[in-house]
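In: Fold the following and give me the result.
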Amino acid sequence: MSKILILGRNGQVSTYLQRAMHSEYDLHVAGRDELDLSSVSQVYSALEKIAPSIIVNAAAYTAVDAAEEDQEAAYAINRDAVAEVARYSKQSNTPLIHFSTDYVFSGDAQTAYLETDLVGPTGVYGQSKLEGEQAVLDSQAPAIILRTSWVYSNHGKNFYKTMLNLSEQRDELNVVNDQLGSPTYAGSIASATKQLIDIVIEQGTIPADQRGVYHFTCQGQTSWAEFARAIFVENEISKMKVEGIPSSEYPTPAKRPAFSVLNNKKLLDNFGVSLPHWGTALSQCAVETKAMA
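Out: Numbers count the residues shown, from 1 in each chain. Got it, this is the predicted structure:
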């Protein structure tokens, strides 16, 4: 049986990957105690010790605003450690699935971004993730890079949980309405990643014509304000009023992309894999929320 290594133990994507895959695979989940990506010099030797059949890198420095100040840590985890993982992948011919982000783009587009579109991060987080992508590509490892966006779930800190928590304290919220994207449920990411892993296992590798960058989000697009309204509808919280506001009224240390919708056609064409519409996925997440109550 193939040994699937998941880097990162407690993040949203890792948590749902573990749930989706634990019963069907020899799953090895490495947290910081075993493989600390901030200790870059130890990454390669740790991978040698584990000797996985496939690596799924779901670990990252994701604190977008904190990255503006903590640049050293962001680049160590998102670029330098990723370069070491890719070097191991290349040297051992171990397939690698690496997650990236819509923040590699400037957010100035009018139509959904293609993988070939010009990148232009506006902050440290996006730049560090972009340089991590480039390290994987430069290594010529048997790897695919999955850019996702607006990830949410019932686990960890995210917009979905923040909205539900605030609804217990307030009846009205101001939410940004001039940023557009595709909310992507971590459960949908896990299901689609499992499909990709099954394909890689069947093929025995990731051949050269399948390697590279793929967009990997739920379908459709919405604003944060409309997403918030949908969250309350799906969770049957009728009292909440959401007022849309411009981003200028909610300043953050790191600039958010105004438009981060990604075109997922390449993923479907190359692997036959797609994620559901964001509204469908939100309904699935809300069912899970109710089951947890």
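In: Residue 189 contacts residue 275, doesn't it?
Out: Yes: counting by Cβ atoms under 8 Å, residue 275 is a contact partner of residue 189 at 7.2 Å. C-beta here means a position set from N, CA and C on the backbone, and glycine is covered the same way.
In: So for the two, which residues contact both of them?
Out: residue 216 (Cβ atoms under 8 Å, 6 or more residues apart in numbering).
In: middle-most residue in the chain, spatially?
Out: Nearest to the geometric centre of the chain sits residue 148, at 4.6 Å (Cα atoms, centre = their mean).
In: so who does that residue touch?
Out: Counting by Cβ under 8 Å, 6+ apart, residue 148 touches 13, 99-102, 184, 189, 216-217.
In: Check the burial of the nearest residue to it once chain neighbours are set aside by counting its neighbours.
Out: The shortest distance from residue 148 to any non-neighbouring residue, by Cβ to Cβ, 6 or more residues apart in numbering, is to residue 216 (4.8 Å). The tally of other residues near residue 216 (other Cβ atoms under 10 Å) stands at 27.
In: And residue 216, how far from residue 100?
Out: 9 Å (Cβ to Cβ, to the nearest Å).
In: Same question for residue 293.
Out: For residue 293, the distance to residue 100 - Cβ to Cβ - is 34 Å.
In: the more surrounded of those two?
Out: Just comparing residue 293 and residue 100: by other Cβ under 10 Å the higher neighbour count belongs to residue 100, 25 against 5.
In: OK, contacts around that one?
Out: If you count contacts by Cβ under 8 Å, 6+ apart, then residue 100 has 129-130, 132-133, 145-148, 213 around it.
In: now, which of these sits nearest residue 44?
Out: Nearest to residue 44 among those, counting by Cβ to Cβ, is residue 132 at 15.7 Å.
In: Could you check the pLDDT of that closest one?
Out: Note for residue 132: predicted pLDDT of 98.
In: cool, and residue 1?
Out: Per the predicted model, pLDDT is 62 at residue 1.
In: same check, this time on the one 4 residues further on
Out: On the pLDDT scale, residue 5 is placed at 97.
In: Can I get the lengthiest helix in the chain in CSV, CA atoms only?
Out: Looking across the chain with DSSP state H, the single longest helix is helix 186-203. C-alpha atoms of helix 186-203 as CSV (Å, rounded to 0.1, in the frame of the first residue of the first chain):
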residue,chain,number,x,y,z
ALA,A,186,-12.0,22.4,2.8
GLY,A,187,-14.1,19.2,2.5
SER,A,188,-14.4,19.8,-1.3
ILE,A,189,-10.6,20.3,-1.5
ALA,A,190,-10.1,17.0,0.3
SER,A,191,-12.5,15.0,-1.9
ALA,A,192,-10.9,16.4,-5.1
THR,A,193,-7.4,15.8,-3.8
LYS,A,194,-8.3,12.2,-3.0
GLN,A,195,-9.3,11.8,-6.6
LEU,A,196,-6.0,13.2,-7.8
ILE,A,197,-4.1,10.9,-5.4
ASP,A,198,-6.0,7.9,-6.8
ILE,A,199,-5.0,8.9,-10.3
VAL,A,200,-1.4,9.3,-9.3
ILE,A,201,-1.3,5.9,-7.6
GLU,A,202,-2.8,4.2,-10.6
GLN,A,203,-0.3,5.9,-12.9
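In: now it: how far from the chain's centre is it?
Out: On the basis of Cα atoms, centre = their mean, to the nearest Å, helix 186-203 is displaced by 14 Å from the centre of the chain it belongs to.
In: again with stretch 178-190
Out: 9 Å.
In: quick one: buried residues of that stretch?
Out: 178-190 (16 or more other Cβ atoms under 10 Å).
In: Go through the residues you listed and name the one nearest residue 116.
Out: Distances from residue 116 to the buried residues of stretch 178-190, taken by Cβ to Cβ, are shortest for residue 182, at 18.6 Å.
In: ok, that closest one - contacts?
Out: Here residue 182 is in contact with 149-150, 217-222, 260-262, 278 (Cβ under 8 Å, 6+ apart).
In: Swap in 10 Å and give it another go.
Out: By Cβ atoms under 10 Å, 6 or more residues apart in numbering, the contact set of residue 182 is 102, 112, 148-150, 215, 217-222, 227, 260-262, 264, 275, 277-278, 281.
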